[in-house]
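[1] predicted model, plus sequence, below.
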Amino acid sequence: MTEKEKYAVIGGTGLSRLSGVAVERREAMTTPYGSPSADLTVGALAGHRMVFLARHGDRHTIPPHRINYRANIHALKQAGVTHIIAVAAVGGIDELAAPAAIVLPDQLIDYSYGREHTFSDGTQDQVTHIDFTEPYTSSLRTALLQAGASAGLSMSDGGVYGCTQGPRLETPAEIARMARDGCTLVGMTGMPEAALAREAGIAYACVAVVANWAAGITDAEITMPEIHANLEQGMADVGLLLSAFFGRGE
């Protein structure tokens, strides 16, 4: 990490607050797109300055399709953030995405709709076309994988994140279609967050925590106690990952 780099962690379901952060202040932000999901928490983790933003709000009250993704990314850009680590709860579709696993996807497919998905909405001087060949920043993914290895964590390198609308879970037929499309994970918040970060020139990587097998992958019923137990274990590992990442001493 250089002096010019400033990191943010966006926390999703299961990570509304980040333990271990020495909090300096909470900063209310205003943007041309409205208010972000929550105030930015500015502090330090393992001795390195960072920013934390709760994607669903401090009390986890904002559903995936109602998140103001543009305001969130714009607020982080205003705060000087150059790198975003986006933590998200997902469902697993293939064997590399078993419950409680941590996966760092390298591709995505967007099935969401009706979301404000770009800053290039006709109010700027020109239309912006971003290169989205690699939706996740490879150098940031590599650094996270190396930090995880140093912490003794077993993480899956690569995968295809399929972003659905939510907030309902998917049907088995929808998951079967996504599997045919090549998806290995299913979540509800991966887009337009990743694309907006690219438009804003912010490096972005997703740390996906598998909460459950997606619908129809097994015969077992999806239950909230199961999801909560898997998230508790997975998010504890995310805490170890982030501590290792911010404590690299670079």
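    On my side now, so go ahead.
[2] show me what the least confident helix or strand in the chain by mean pLDDT is packed against.
    Across the helices and strands of the chain, mean pLDDT, DSSP states H and E gives its lowest value to strand 22-27, namely a mean of 86. Under the contact definition 3 or more C-beta pairs under 8 Å, 6 or more residues apart in numbering; DSSP states H and E, strand 22-27 sits against strand 40-45. Where C-beta positions appear, they are placed from N, C-alpha and C, glycine not excepted.
[3] in the strand it packs on, what counts as buried?
    The neighbour-count check on strand 40-45 (16 or more other C-beta atoms under 10 Å) flags 40-43, 45 as buried.
[4] what does stretch 66-82 give?
    Within stretch 66-82, the residues that qualify as buried by neighbour count (16+ other C-beta under 10 Å) are 67-77, 79, 81-82.
[5] export these to TSV and tack on pLDDT?
    Below are the buried residues of stretch 66-82 laid out as TSV (pLDDT from 0 to 100):
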residue	pLDDT
67	97
68	97
69	97
70	97
71	97
72	97
73	97
74	96
75	97
76	97
77	96
79	94
81	96
82	95
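[6] among those residues, which are in helices?
    Counting by DSSP state H, the part of these found in helices is 69-77.
[7] make CSV out of the buried residues of stretch 66-82 and add distance to residue 10.
    Shown next, in CSV, are these (distance: C-beta to C-beta, whole Å):
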residue, distance to residue 10
67, 10
68, 13
69, 10
70, 14
71, 13
72, 7
73, 9
74, 13
75, 11
76, 8
77, 13
79, 12
81, 10
82, 14
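[8] packing partners for the lengthiest helix in the chain?
    When the chain is parsed with DSSP H, its longest helix is helix 224-246. On a contact count with 3+ C-beta pairs under 8 Å, 6+ apart, helix 224-246 meets strand 40-45, strand 83-92, strand 102-104, helix 138-150, strand 203-213.
[9] let's have those in JSON lines, adding distance to residue 185 and mean pLDDT.
    Listed next are those as JSON lines, based on distance: least, C-beta to C-beta, whole Å; pLDDT from 0 to 100:
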{"stretch": "strand 40-45", "distance to residue 185": "26", "mean pLDDT": "89"}
{"stretch": "strand 83-92", "distance to residue 185": "5", "mean pLDDT": "95"}
{"stretch": "strand 102-104", "distance to residue 185": "6", "mean pLDDT": "96"}
{"stretch": "helix 138-150", "distance to residue 185": "14", "mean pLDDT": "96"}
{"stretch": "strand 203-213", "distance to residue 185": "6", "mean pLDDT": "95"}
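[10] do you know which of those lies nearest residue 21?
    Ranking the helices and strands packed on helix 224-246 by proximity to residue 21 (C-beta to C-beta) places strand 40-45 first, at 4.4 Å.
[11] sheet-wise, list the partners of the closest one with their directions.
    Strand 40-45 has the following sheet partners, assigned by DSSP bridges: strand 22-27 (antiparallel), strand 48-54 (antiparallel).
[12] thanks a lot, catch you later.
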